[in-house]
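Trainee: What would the 3D arrangement of this be:
(chains A, B and C)
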Amino acid sequence: MTEHHALKIIEVAVPLPLDATFHYGVPPELVCRMKTGVRVLIPFGRRKITGYMIGNVPESAEKIRDIIDVLDEEPLFTEKELDFLRWSAGYYFHPLGEVIKAALPAGINLASRTRSVETADGTLSREEVLKGGRTVKRETFYRALPDVELPVNLRGKGLRLLEYLRRVDEAPAGLLRREFAATTANFHRLQELGLVEFSEREIYRDPFREEVFTHDAPLVLNFHQAAALEQLTAAGIKEQFAPFLLHGVTGSGKTEVYLQAIAQVLERGRTALVLVPEIALTPQLVRRFKSRFRCGIAVLHSGLSDGERYDEWRRIRRREVSIVIGARSALFAPLSHMGIIVVDEEHESSYKQSEGFHYNARDLALVRGKMEGAVVVLGSATPLVTTYHAVQQGKIGYLQLPERVRNLPMPGTELLDARGRKGATFLPELIKAIGDNLAAGGQTLLFLNRRGFATYLVCEECGTVLSCPNCSVTLTYHRRRERHFCHYCDYSIPAPSVCPKCDSQSIALLGRGTERVEEEVREIYVDARIGRMDRDTTTGRGGHARVLKGLENGTIDILVGTQMIAKGHDFPGVTLVGVISADATLNIPDFRSSERTYQLISQVMGRAGRGDAPGRVLIQTLNPEHYAITRAVAHDFAGFYGDEIIFRRETGYPPFAYLAVLVFSGNSAPEVEKGATTAAALLHRLKREAKSRVEILGPVSSPLAMIRGRYRRQILLKSGQRPELHRMIARFRGQVKLPAVVRIAIDIDPLDML
DNA sequence: AGCACGCCGACT
DNA sequence: GTCGGCGTGCTC
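Mentor: Residues are numbered from 1 along each chain as shown, chains lettered A, B, ... in the order given. Presented below is the predicted three-dimensional model:
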């Protein structure tokens, strides 16, 4: 409460899961430093935290406190950037303060914590400690003190924490919070008992390497590339929002189109943003850009240390760079005067942020492009069905590169019907094709998106299936290591010789992974040189490169691999691709599984036949109709713009499109009797009212305290923008007495909201 | 989120 | 008795 009457009142967003913003008074001596976009240190409850100044308010309720300090001389974001952040916060139902925090380089905020300290007379008192505000990355590490007797009254979480710390010696606080839901109180207690000590340390920064770049000139474009560039040029000159899909098959020269379009944008004095799906792809792309352009180029991705990222961010803010290349978070780069945004491989799911502030950078790129008046290019060989749909609706321009550069033909695709021959790894047609290819001196890729030997072990007497005690996923048998592994958490047990439950000897190993395929290939093609590439064979440094070298210098004839072989590498000598089972990915219970299967297989295909031979692709499937119509199936959902913003569980349910999903925890009888609705009853009502777009997953086993609050608030947040969603949720408010997690899928295409 | 308050059950 | 677990409410 302010004594004097502050003349100026500002609106402040705080980086906490709260849907409201807060009003603060500004003491006269700070007024001149106050601008929209600066950070402010504010009293918040009993703490001091960093907030973001987002605007002035003429007057406010009388209960107002004053800010303590202004933390920046210059704003961290402009009004225009704030508009974009506001929009994003509304669209994804996420608190504005957290969205702003996510958009800024990490580790720059100040916050206070109260901490118990022992005073001179031996009593405990509370002391306030201001922390943070550095640009270097730091983390608190806890370590168990040795030879301390265990107090008998330590139980529950505290005990588990201590046991863990004694086992591993030392662990970062973040991990403990995540894995054990440890709270500050737990840490304090262990400390007070003298069981643990902590230290705060800087986490290493990777060194900055300087490279010398040769200068190269633009390449000559082929007909289709030139036509695409021409459309981009025409749109660019208008200097207003224009979205495009650049649909180019693998090896069609999309990057060269990006480069030349960007060159034009730079000539007009505007800037360019290039988003790439993975960090692994950044170095080679950056190298190509640095060779072409002499202007400043900034790189932003999660591999940078906080310090490095902060430096790149400041270079951008100061307009020292004209091109920014980076992963999804680069979308929030403080670039001004954007002329073009490129989203390379727009179908990649790594554009989705699925922790904290959930967003899809591909979608927000369109939104930002609209606000900046920029050309947006979504590039892909296998665009999202959603993007296709937008093209058909005339919402996005279509640029096609149907030919590979140097006019290499595309490989032919043949579907092989595996029905009735389920036990066989190879159909005769595939065996013959591999043999022919071997004889002709060509290389073969065999693709199966499942590693290990057998998918599961089942007892033929009692039906027991080995599964993971932590994840309840079936364990995969790995022959070389003679163990069964959980592919989620890496839990493993030695391979049993009898059923662990009934001691029966008739246990069967069913299903196949790459390890078994490799073995069978060796049996069939005794003279061939065979390699395998999956996570098990590429561990350690250079594991990747070793296998790829083998293909390159021709010491491998047949390579068996998982989706690892589909991404990022070109195999010039490969003239045959065999898909062992398209069904492995087709049967994943997700309404996008057919779309993903198509994308994955297209990518494997794209790797093949880049020499003078066109190459063949053979696809084995139990459901040729399904695969053949995969695009059509996916199109059923094309009208539905679906994108999850809260992921809790992805498994065990049939494909469906949904608007919202409620997950219940602890749906116990006593609670129901008190008048709460059962999950089943709610499901029925929701289905009726939301037109069958609703499914209930659950129950979840997360700590109840976490489920409460946070998610409940999210559904009520700013739903004014979605009246139909708001109405639906509101109807169940107050009825749902049980802790509920609500999963909301946004079904409004951002293009329609602009 | 983090912090305080207030209510219950199992131990010095 | 009182310590610690956890549910609840609040932050301009």
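Trainee: Next one: the closest residue to DNA strand B within the stretch 151-300 of chain A relative to A:V521, how far apart?
Mentor: Closest residue of the stretch 151-300 of chain A to DNA strand B, C-beta to the nearest atom of the strand: A:T184 (4.5 Å). From N, CA and C alone the C-beta is placed, and that goes for glycine too. Distance from A:T184 to A:V521, counting by C-beta to C-beta, to the nearest Å: 55 Å.
Trainee: Can you tell me which residues in chain A are near DNA strand C?
Mentor: Contact residues, chain A versus DNA strand C (C-beta under 7 Å from any atom of the strand): A:16, A:18, A:20, A:22-25, A:42-45, A:60-61, A:63-65, A:153-158, A:185-186, A:189, A:704-705, A:708-709.
Trainee: how about a cut-off of 6 Å?
Mentor: Within chain A, the positions near DNA strand C by C-beta under 6 Å from any atom of the strand are A:18, A:20, A:22-24, A:43-45, A:63-65, A:153, A:155-158, A:189, A:704-705.
Trainee: quick one: A:L427 and DNA strand C, what's the gap?
Mentor: Separation of A:L427 from DNA strand C (C-beta to the nearest atom of the strand, to the nearest Å): 56 Å.
Trainee: Also A:L559?
Mentor: 51 Å.
Trainee: In contact with that residue, which residues?
Mentor: A:443-446, A:530-533, A:547, A:550-551, A:565, A:571 (C-beta atoms under 8 Å, 6 or more residues apart in numbering).
Trainee: Whichever residue of the stretch 251-400 of chain A sits closest to DNA strand C: how many residues sit nearby?
Mentor: The nearest approach of the stretch 251-400 of chain A to DNA strand C comes at A:G356, 17.5 Å away (C-beta to the nearest atom of the strand). For A:G356, the neighbour count with other C-beta atoms under 10 Å is 12.
Trainee: Spit out the contact partners of it.
Mentor: Contacts of A:G356 (C-beta under 8 Å, 6+ apart): A:E98, A:A102.
Trainee: Can you pull the phi/psi pair for it?
Mentor: Dihedral angles of A:G356 (phi, psi; degrees, to the nearest 10) stand at phi 60, psi -120.
Trainee: Please name the bridge partners of A:I49.
Mentor: A:I42, A:A111 (DSSP bridges).
Trainee: Tell me where the model's unsure across the stretch 251-400 of chain A.
Mentor: Applying pLDDT under 70 to the stretch 251-400 of chain A flags the ranges A:281.
Trainee: now with 80?
Mentor: A:251, A:279-282, A:354-356, A:358, A:385-386, A:388-389, A:392 (pLDDT under 80).
Trainee: Nearest to DNA strand B: which residue in it?
Mentor: For the stretch 251-400 of chain A, C-beta to the nearest atom of the strand, closest residue to DNA strand B: A:G356, 9.7 Å.
Trainee: Can you tell me how far that residue is from A:K101?
Mentor: 9 Å.
Trainee: Let me see the domain layout of chain A.
Mentor: Domains of chain A are assigned by automatic domain parsing as A:8-111, A:138-202, A:223-406, A:408-451+A:525-635, A:454-511, A:658-748.
Trainee: Quick one: end-to-end distance for the shortest one.
Mentor: Domain A:454-511 has an end-to-end distance of 5 Å (C-alpha to C-alpha, to the nearest Å).
Trainee: For that domain, the averaged confidence score.
Mentor: When pLDDT is averaged over domain A:454-511, the result is 85.
Trainee: can you check the fourth one too?
Mentor: Across domain A:408-451+A:525-635, pLDDT averages out at 79.
Trainee: What of the first one?
Mentor: Per-residue pLDDT values across domain A:8-111 average out to 90.
Trainee: and it, is it in reach of DNA strand B?
Mentor: Yes: under the criterion of C-beta under 6 Å from any atom of the strand, domain A:8-111 makes contact with DNA strand B via A:L16, A:P17, A:L18, A:G45, A:R46, A:R47.
Trainee: what does the stretch 301-450 of chain A have sitting close to DNA strand B?
Mentor: Residues of the stretch 301-450 of chain A lying near DNA strand B (C-beta under 6 Å from any atom of the strand): none found.
Trainee: Now do the contacts for A:V196.
Mentor: A:Y142, A:R143, A:A144, A:L145, A:L162, A:L165, A:F187, A:L190.
Trainee: Inside strands: which ones of those residues?
Mentor: A:Y142, A:R143, A:A144 (DSSP state E).
Trainee: which other residues reach the helix or strand encompassing A:T255?
Mentor: A:T255 is located in helix A:254-267, with elements delineated by DSSP states H and E. Contacts with helix A:254-267, where a contact means C-beta under 8 Å, 6+ apart, come from A:218-219, A:221, A:225, A:228-229, A:232-233, A:236, A:246, A:248, A:271-272, A:274, A:285, A:288-289, A:292-293, A:295, A:322-323, A:339-340, A:342, A:344, A:375, A:377, A:379, A:399, A:401.
Trainee: Can you go through these and name the buried ones?
Mentor: A:221, A:225, A:228-229, A:232, A:236, A:246, A:248, A:271-272, A:274, A:285, A:288-289, A:292-293, A:322-323, A:339-340, A:342, A:344, A:375, A:377, A:379, A:399, A:401 (16 or more other C-beta atoms under 10 Å).
Trainee: any low-confidence regions in the stretch 601-750 of chain A?
Mentor: A:601-615, A:623-750.
Trainee: can you rerun that using 50?
Mentor: For the stretch 601-750 of chain A, applying pLDDT under 50 flags the ranges A:629-747.
Trainee: if we can go back for a sec, report the distance from the helix holding A:T255 to the chain centre.
Mentor: 27 Å (C-alpha atoms, centre = their mean, to the nearest Å).
Trainee: after it, next one along is what?
Mentor: By DSSP H and E, the next helix or strand past helix A:254-267 is strand A:271-275.
Trainee: what angle do that next one and helix A:254-267 make?
Mentor: 160 degrees (axes from the mean of the first three to the mean of the last three C-alpha atoms, to 10 degrees).
Trainee: In terms of secondary structure, what does the helix or strand immediately after strand A:271-275 in the chain contact?
Mentor: Per DSSP H and E, the first helix or strand lying C-terminal to strand A:271-275 is helix A:282-292. The elements that helix A:282-292 packs onto, with contact taken as 3 or more C-beta pairs under 8 Å, 6 or more residues apart in numbering; DSSP states H and E, are helix A:254-267, strand A:297-300, strand A:323-326.
Trainee: what sits against the nearest residue to A:D169 once chain neighbours are set aside?
Mentor: In space, not counting the residues next to it along the chain, A:D169 is nearest to A:R143; the distance is 6.4 Å by C-beta to C-beta, 6 or more residues apart in numbering. Listed by C-beta under 8 Å, 6+ apart, the contact set of A:R143 reads A:L165, A:D169, A:E170, A:V196, A:E197, A:F198, A:S199.
Trainee: got it, and A:S504?
Mentor: Applying C-beta under 8 Å, 6+ apart, we find A:S504 in contact with A:C459, A:E460, A:E461, A:C462, A:V498.
Trainee: of those, buried ones?
Mentor: By 16+ other C-beta under 10 Å, the contacts of A:S504 give A:C459 as buried.
Trainee: out of the contacts of A:S504, who's near DNA strand B?
Mentor: For DNA strand B, no contacts are drawn from these by C-beta under 6 Å from any atom of the strand.
Trainee: Redo the contacts of A:S504 as JSON lines? Include secondary structure and distance to A:P383.
Mentor: Below are these laid out as JSON lines (DSSP: H, G, I helix; E, B strand; the rest coil; distance: C-beta to C-beta, whole Å):
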{"residue": "A:C459", "secondary structure": "strand", "distance to A:P383": "46"}
{"residue": "A:E460", "secondary structure": "coil", "distance to A:P383": "46"}
{"residue": "A:E461", "secondary structure": "coil", "distance to A:P383": "50"}
{"residue": "A:C462", "secondary structure": "coil", "distance to A:P383": "48"}
{"residue": "A:V498", "secondary structure": "coil", "distance to A:P383": "51"}
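Trainee: Done for today, thanks.
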